[in-house]
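J.: Please work out how this folds:
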Amino acid sequence: MCNQQLIERLNQQHKLSHAQWEQLIATYQPADAAYAQNLAHRLTVARFGRKIFFRGIIEYTNYCKNDCRYCGIRHSNPHLKRYRLSEAQILACCAAGYENGFRTFVIQGGEDPYFTDQRLVPLLRHIRQQYPDCAITLSLGERSYQSYQRLFAAGADRYLLRHETACQALYEKWHPARQTFANRRRCLWQLKAIGYQVGCGMMVGAPFQTVASLADDMVFITKLQPQMLGLGPFIPHSQTPFRHFAAGNTQLTTFILSLCRILKPDVLLPATTALGTVESNGRQQGVLAGCNVVMPNLSPLAVRKQYLLYDNKAGVNENAASGIQNLTDQMAQIHYTVLKGRGDFQPDSALRRNEHD
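T.: Take a look at the predicted model:
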């Protein structure tokens, strides 16, 4: 079966075998990528119109107990100036975002033991009480089932936890032994069981990654059925063990983004900051490949340069207002309009095009 026939099968059945994923990723040509992009773009416009959901990211801490070998805020990086935002600072970010029309806040940080449930639960309750019309997304890493339950009960709606890779051998090359492949997957299934809208995802072109491991990712995504997917190209950080590896390929990343849209037509799919870092128009390329979410940074400008998972991150010198405006202008250049509302996941094409035209 040729690649374009495989893409059509994916469109009809929303699954492929591992061998079919391998064939598609290993042998695709520019014509196949264009075919997938055109189909993904049509599917996205049919469900969402030419609309992009904006989410406001608040990077609340760069302390992390983990030692992921690719990450700039890893515990073993001695050169990083560490910070934690206070509750007042986090609430000020929410207030600024709300004034700019945002109705989703993404609270993201390293796995910082300081932020216990006893500290996070009152914060989330405060945000939920003050902004009842907003969605709260958390990206706090691996926690216990009981912790996830408490945070959900306090008002969190969504949780982003990249699975990183669905290949255990590769996961173990990226992490020390205390960070286990089994626990990462367990957390994702627990989040789904509790009732969060769940996001997983991976890096494309990361060290030691293979076509087979990318096929593993696509099979895992099909099984998990997440409401959100976050993926972008690998970008090295100069203060990590993976500093000498080359960055991931934008073309392969956008091809896989298109395949993800075809696999899950209703998924919330961000055009990531990493895409915009590798190429100046990377987020525009992502949108044209099937993305429907962009995530501007609401963090205080003073801490932006301390939250670098990879080098040369886009937007670290822009304040929240200018960053929002620049992304709005980028979307307008490709004839897309920004929506700053909640933008909840709605399955089975509940977001009909005529609701947005």
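J.: In a helix, Leu231, correct?
T.: No. According to DSSP: H, G, I helix; E, B strand; the rest coil, Leu231 belongs to no helix; its state is strand.
J.: Which pLDDT value belongs to it?
T.: According to the prediction, Leu231 has pLDDT 94.
J.: same deal with Gly315?
T.: 82.
J.: Leaving out chain neighbours, which residue sits closest to it?
T.: Of all residues not flanking Gly315 in the chain, Gly323 sits nearest, at 5.1 Å (C-beta to C-beta, 6 or more residues apart in numbering). No exception for glycine: its C-beta is placed from N, CA and C like everyone else's.
J.: What is the neighbour count of Ile235?
T.: When counting by other C-beta atoms under 10 Å, one arrives at 25 neighbours for Ile235.
J.: Kindly list the main-chain dihedrals of the nearest residue to it once chain neighbours are set aside?
T.: Using C-beta to C-beta, 6+ apart and skipping the chain neighbours, the partner closest in space to Ile235 is Tyr310 (3.7 Å). Here is the backbone geometry of Tyr310 (degrees, to the nearest 10): phi -150, psi 170.
J.: Tell me how far stretch 7-14 lies from the chain's centre.
T.: 24 Å (C-alpha atoms, centre = their mean, to the nearest Å).
J.: cool, stretch 128-141 as well?
T.: Its chain's average C-alpha position is 16 Å from that of stretch 128-141, according to C-alpha atoms, centre = their mean.
J.: any chance you could map the strands in this structure?
T.: Using DSSP state E, the strands of the chain run over 51-54, 56-61, 104-109, 135-139, 158-160, 197-204, 228-233, 293-294, 337-339.
J.: mind listing what Ser139 touches?
T.: Residues near Ser139 by C-beta atoms under 8 Å, 6 or more residues apart in numbering: 106-109, 159-161.
J.: again, but for Gly282
T.: Gly282 neighbours (C-beta under 8 Å, 6+ apart): 250, 271, 274-276.
J.: Kindly state which of the strands of the chain is positioned closest to Gln168.
T.: Evaluated over these, closeness to Gln168 peaks at strand 197-204, with 13.8 Å, by C-beta to C-beta.
J.: got the phi/psi numbers for the closest residue to Cys187 other than its chain neighbours?
T.: Spatially, and ignoring its direct neighbours in sequence, Cys187 is nearest to Glu142 (5.0 Å; C-beta to C-beta, 6+ apart). Backbone torsions for Glu142, taken as degrees, to the nearest 10, come to phi -80, psi 130.
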